[in-house]
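Participant: okay, predicted coordinates and the sequence, questions at the end:
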Amino acid sequence: MSAMPKASELELDERPSNVPHNARWFFASDEWLFCERDADGELHGAFRTYRADGTPELEFEYRHGKRQGPFRRFYPSGQVAQEGRYFDDLLDGLVVTRSDGENTYSIRECCIPRTARVMKQEHRRGQLLAEIFEDELGRRLEDSEGAPGASGWPEPLRERQDDVLGFAEDFWPARESVPVDRGDNGASVEQSLFAVRQAIQRSAQRLLALRRELLERESMRFLPDILRLVVGPELPLRRFSFEADGDEGKVTVCVDETLPRSKSTRELLIRARLEWTTLCWLCWAVGLDEVALPERLEARPNLYAALVLASERQAALTGHDLKPSAALHFHGLDETRLPASALAHLAAQYREIRAVLLFLSDGECQSPWQDDLGREPSAPEM
């Protein structure tokens, strides 16, 4: 789409009231376009198109040039024609397409039952996993009418992205099956008891801060009150850097123990999931079977196995070659049913486990939140 003159330069009576003031009119497509961009000029943020009369046509969200997040398409009547979500520029999760109420083939041009009014699909990174059709009363149409169907797929079709947010806040390492036959490379906790206790207290402080914010937002999800882990005055959540030995000489390692800002309640819940993982695995690695401040350090013979497992699971759940396991993993979730956005959250959990174990097993580390422990710098909302 090439750049065209602004609407004020065209022979239009006036800009419709619901069209943003900085949207531009494009002759070629007969539409108003509003979009946000990042510092490099890539699409980033809201992308909206409107018809000449101001009725909405498309709503997308972009992240640095790629579609990321919810989208909607509209009929001229204002009815939602299609809604769903993109992840890394590909369809992901539940996509619902509706007819215009008059023409079945307004859903798509072929291979559709005559009485269909709604098409539901589940996707993972652009791959169609299951599809069903419904009539105007919401009744499932039989495959004999021509629908590809959803054989072997759990019904009803639904959005499964937030299944990863449904875990109870119990002691999560007990849910993970850590093998014991990976061999022992001598991995052990190299941090002092004092450093471990301070790391646990800082982790608890971070989680309590999230808990307070969720309560302020009247979230129905109440995180456990772990105030007992904060002994004495609160420890400062620090920002600093230090020099460390790297493969090619000295490198600068940055530490940021403060919490990143969360825009939505959902982002807060996602962050709280990671913080609970941090806290639980800090305790597990030093011999505890509950969240508590340790009085002594006890060896975990399968510490190395846990580190290897976290690395392998993170790799399997990351990137375009996603390999969700057919076995039940991470709190009983069947990963073969989950969209890529949910698998990305599980990968982040294993990154967090790996970061915690790397910190504990390296006496040169100064904080669980230093930037060389393999976390992603920032994770998009999914």
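Facilitator: Received it, and whenever you're ready, just let me know what you need.
Participant: tell me where the protein has helices.
Facilitator: 193-216, 265-285, 303-316, 340-361 (DSSP state H).
Participant: correct me, but Ser17 touches Gly54?
Facilitator: Yes: Ser17 lies in contact with Gly54 (Cβ atoms under 8 Å); the separation is 6.9 Å. Quick note: C-beta positions are derived from backbone N, CA and C, even for glycine.
Participant: most tightly surrounded among the helices of the chain?
Facilitator: Looking across those with neighbours counted as mean count of other Cβ atoms under 10 Å, the highest average goes to helix 340-361: a mean of 24.
Participant: what's the angle from that one to helix 265-285?
Facilitator: In terms of direction (axes from the mean of the first three to the mean of the last three Cα atoms, to 10 degrees), helix 340-361 departs from helix 265-285 by 40 degrees.
Participant: helices or strands up against helix 340-361?
Facilitator: strand 80-87, helix 265-285, helix 303-316 (3 or more Cβ pairs under 8 Å, 6 or more residues apart in numbering; DSSP states H and E).
Participant: check contacts around Leu207.
Facilitator: Leu223, Ile226, Ala272, Glu275, Trp276, Leu279 (Cβ atoms under 8 Å, 6 or more residues apart in numbering).
Participant: just to revisit the earlier point, nearest to Cys110, out of the helices of the chain?
Facilitator: helix 340-361 (27.3 Å; Cβ to Cβ).
Participant: quick one: end-to-end distance for stretch 323-343.
Facilitator: End-to-end distance of stretch 323-343 (Cα to Cα, to the nearest Å): 10 Å.
Participant: which members of the contacts of Leu207 are the farthest-apart pair?
Facilitator: Spatial extent of those (Cβ to Cβ) is set by the pair Ile226 and Ala272 at 11.7 Å.
Participant: dump stretch 25-45 to PDB, keeping only the CA atoms.
Facilitator: Below are the C-alpha coordinates for stretch 25-45, written out as PDB (Å, rounded to 0.1, in the frame of the first residue of the first chain):
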ATOM      1  CA  TRP A  25      -7.300   8.000   3.600                       C
ATOM      2  CA  PHE A  26      -6.100   5.700   0.800                       C
ATOM      3  CA  PHE A  27      -7.800   5.900  -2.600                       C
ATOM      4  CA  ALA A  28      -6.600   2.500  -3.800                       C
ATOM      5  CA  SER A  29      -8.400   0.600  -1.100                       C
ATOM      6  CA  ASP A  30     -11.100   3.100  -0.200                       C
ATOM      7  CA  GLU A  31     -10.300   3.000   3.500                       C
ATOM      8  CA  TRP A  32      -9.000   5.000   6.400                       C
ATOM      9  CA  LEU A  33      -5.900   3.600   7.900                       C
ATOM     10  CA  PHE A  34      -4.600   4.200  11.400                       C
ATOM     11  CA  CYS A  35      -1.400   2.500  12.600                       C
ATOM     12  CA  GLU A  36       1.300   2.800  15.200                       C
ATOM     13  CA  ARG A  37       5.000   2.300  14.600                       C
ATOM     14  CA  ASP A  38       8.200   1.700  16.600                       C
ATOM     15  CA  ALA A  39      11.400   3.800  16.400                       C
ATOM     16  CA  ASP A  40      12.500   1.800  13.400                       C
ATOM     17  CA  GLY A  41       9.300   2.500  11.400                       C
ATOM     18  CA  GLU A  42       8.000  -1.100  11.800                       C
ATOM     19  CA  LEU A  43       4.300  -1.600  12.600                       C
ATOM     20  CA  HIS A  44       4.000  -1.700  16.400                       C
ATOM     21  CA  GLY A  45       0.800  -1.400  18.400                       C
END
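Participant: so for that stretch, what gets flagged as buried?
Facilitator: Trp25, Phe26, Glu31, Trp32, Leu33, Cys35, Leu43, His44 (16 or more other Cβ atoms under 10 Å).
Participant: same deal with stretch 14-23?
Facilitator: Under the neighbour-count rule (16+ other Cβ under 10 Å), stretch 14-23 has Arg15, Pro16, Val19, Ala23 buried.
Participant: ok, now how distant is the third one from Tyr62?
Facilitator: So the one you mean is Val19. 19 Å (Cβ to Cβ, to the nearest Å).
Participant: now do the last one
Facilitator: Distance from Ala23 to Tyr62, counting by Cβ to Cβ: 16 Å.
Participant: ok, Ala306 touching Leu360?
Facilitator: No: Ala306 lies out of contact with Leu360 (Cβ under 8 Å); the separation is 10.5 Å.
Participant: now do the shared contacts for those two.
Facilitator: Ala285.
Participant: residues near Thr115, how many?
Facilitator: The tally of other residues near Thr115 (other Cβ atoms under 10 Å) stands at 14.
Participant: what is the end-to-end distance of stretch 296-306?
Facilitator: Stretch 296-306 has an end-to-end distance of 21 Å (Cα to Cα).
Participant: before we move on, back to that, turn the helices and strands packed on helix 340-361 into CSV, including distance to Ala39.
Facilitator: Below are the helices and strands packed on helix 340-361 laid out as CSV (distance: least, Cβ to Cβ, whole Å):
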stretch, distance to Ala39
strand 80-87, 22
helix 265-285, 22
helix 303-316, 30
